[in-house]
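**Student:** Everything below, folded, please.
(chains A, B, C and D)
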Protein chains: 2
Amino acid sequence: MSETASAVPALDLEHFLPYRLSVLSNTVSTALAGAYARRFGLSIPQWRVIAVLARAPGLSAATVAERTAMDKVAVSRALAGLVRSGRVRRALARSDRRRSVLTLTARGRDVYTRIVPYALEYERRLLSELAPSEQSLFNIVLTRLQRRAGLLGPVGAARV
Amino acid sequence: MSETASAVPALDLEHFLPYRLSVLSNTVSTALAGAYARRFGLSIPQWRVIAVLARAPGLSAATVAERTAMDKVAVSRALAGLVRSGRVRRALARSDRRRSVLTLTARGRDVYTRIVPYALEYERRLLSELAPSEQSLFNIVLTRLQRRAGLLGPVGAARV
DNA sequence: CCAGGTTAGTTACAATTGTAACTATAATCC
DNA sequence: GGATTATAGTTACAATTGTAACTAACCTGG
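**Tutor:** So this is what the prediction gives:
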């Protein structure tokens, strides 16, 4: 009864979800980024752009930004590197010459086909100790949390 | 049968766990960082240091680094700001004058007691649509993934 | 007890990332 | 159809973060 007995509930960092998500994401990203960089000379933003263009060729930079959850400046920078290294071809849209039409070159597709097995293998090993039912629930929860986090927005933001 | 029918499995970014973790972590961190900055003038590294020192006063910087999953430089920078703003007191350990002994000042404790309700409320709202059983499985899985990710280490790292 | 190595923490510098202003096209609306 | 506003993307600059070198204090073996 002599301590700083305020009514504030305890918050232990190690049990705080935002902290735990950040640490896990960081661990995973660092591992992958190292592999991408060492083996393919690719940054994570560049890898994201390649992954999206491999599945959906012809997108504009803005659409790539949407699909990679990056802002347009990050996409622009990633593209600059990819075009320079001959992995992405950039043309202009006939109907709108502001917009670019992005496609992987043969070398770009080659990087994708070589990187995918590594990426999937890492993911597989990460999940390998979870039961299938745990994996699928985890996936569902992750999706729901993402939607929820998007809705919550900035904490205590003025509701203007 | 006319497509680029290589044997490479598909990888859609939006289903790739590392990507999804990164996006979620980012959404959550951005929301919290905004709130911490606006309301308390605190960065996330500074918040982490405060959270740890509130629960375990007297730690050294190296121990704070361990417990916050930050490197010693990040801790040093966060501490510089916190000491400057009078939220952390830094003394030297009697037995080892390299080591510092870090404690929150009254103002530091005050920040903690004011920020905790926000942080917990955000976490609560984030999780509010999950059933308790989902929450607890999610927690368990998160813990296991973190351990597993730590073990896996850099992808394809040379096993020297 | 002192030379060589180690550890705690900081400082200096490089690279990455975020923010804002800019350029060029295109769409709109008198 | 020309001024006005909006959009795609880049460039320039500021802030953050990571990496490496450094300083000061401690430890250890001979």
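
**Student:** So A:Val101: helix, strand or coil?
**Tutor:** Put simply, A:Val101 is strand when judged by DSSP: H, G, I helix; E, B strand; the rest coil.

**Student:** That one: neighbouring residues, count only.
**Tutor:** By other C-beta atoms under 10 Å in any protein chain shown, 16 other residues sit near A:Val101. All C-beta spots, glycine's among them, are computed from the backbone N, C-alpha and C.

**Student:** Give me the distance between it and DNA strand D.
**Tutor:** The gap separating A:Val101 from DNA strand D is 8 Å, by C-beta to the nearest atom of the strand, to the nearest Å.

**Student:** cool, A:Ser128 as well?
**Tutor:** To DNA strand D, A:Ser128 is 27 Å away according to C-beta to the nearest atom of the strand.

**Student:** Now the phi/psi pair for A:Val28, please.
**Tutor:** Dihedral angles of A:Val28 (phi, psi; degrees, to the nearest 10) stand at phi -70, psi -50.

**Student:** who in chain A is up against DNA strand C?
**Tutor:** Residues of chain A found near DNA strand C (C-beta under 7 Å from any atom of the strand) are A:43-45, A:71, A:73-74, A:77, A:95-98.

**Student:** which one of the residues you listed sits closest to A:Arg89?
**Tutor:** When the residues of chain A next to DNA strand C are compared for distance to A:Arg89 (C-beta to C-beta), A:Arg97 wins out at 16.3 Å.

**Student:** can you pull out the strands in chain A?
**Tutor:** Taking DSSP state E as the test, the strands found in chain A are A:88-92, A:100-104.

**Student:** Can you get me a residue count around A:Thr143?
**Tutor:** Burial of A:Thr143 is recorded as 13 neighbouring residues (other C-beta under 10 Å).

**Student:** Got the phi and psi for the closest residue to DNA strand C within chain A?
**Tutor:** Closest to DNA strand C within chain A is A:Arg97: 3.5 Å, counting by C-beta to the nearest atom of the strand. The phi and psi values for A:Arg97, taken as degrees, to the nearest 10, are phi -80, psi 10.

**Student:** Distance of it relative to chain B?
**Tutor:** Here A:Arg97 is placed at a distance of 28 Å from chain B (C-beta to the nearest C-beta, to the nearest Å).

**Student:** Where do the helices of chain A begin and end?
**Tutor:** A:17-40, A:44-55, A:61-68, A:72-84, A:106-127, A:132-152 (DSSP state H).

**Student:** quick one, the longest one and helix B:61-68 angle?
**Tutor:** In other words, helix A:17-40. Between the axes of helix A:17-40 and helix B:61-68, defined by axes from the mean of the first three to the mean of the last three C-alpha atoms, to 10 degrees, the angle is 90 degrees.

**Student:** again, but for the fifth one
**Tutor:** Angle between the axes of helix A:106-127 and helix B:61-68 is 90 degrees (criterion: the same axes, to 10 degrees).

**Student:** mind checking how far stretch A:16-36 is from the chain centre?
**Tutor:** 11 Å (C-alpha atoms, centre = their mean, to the nearest Å).

**Student:** Averaged pLDDT, that stretch. What do you get?
**Tutor:** Averaging pLDDT along stretch A:16-36 yields 97.

**Student:** and if you look at stretch A:153-160?
**Tutor:** 55.

**Student:** Tell me the spatial nearest neighbour of A:Val116, not counting adjacent residues.
**Tutor:** Distances taken as C-beta to C-beta, 6 or more residues apart in numbering or on different chains place B:Leu11 nearest to A:Val116, at 4.7 Å, with adjacent residues excluded.

**Student:** show me the contacts for the one you found.
**Tutor:** By C-beta atoms under 8 Å, 6 or more residues apart in numbering or on different chains, the contact set of B:Leu11 is A:51, A:54, A:116, A:119-120.

**Student:** do A:Pro45 as well
**Tutor:** Residues near A:Pro45 by C-beta under 8 Å, 6+ apart: A:68, A:70, A:74-75, A:77-78.

**Student:** go again using 6 Å as the cut-off
**Tutor:** Taking C-beta atoms under 6 Å, 6 or more residues apart in numbering or on different chains, we find A:Pro45 in contact with A:74, A:78.

**Student:** Tell me how far it lies from A:Arg77.
**Tutor:** 7 Å (C-beta to C-beta, to the nearest Å).

**Student:** still on that earlier bit, report pLDDT for the residue of chain A closest to DNA strand C.
**Tutor:** pLDDT recorded at A:Arg97 is 95.

**Student:** measure it to A:Trp47 for me?
**Tutor:** 29 Å.

**Student:** more crowded one of these two?
**Tutor:** When neighbours are counted by other C-beta under 10 Å, A:Arg97 and A:Trp47 differ, and A:Trp47 comes out ahead with 25 against 8.

**Student:** Alright, I will stop here.
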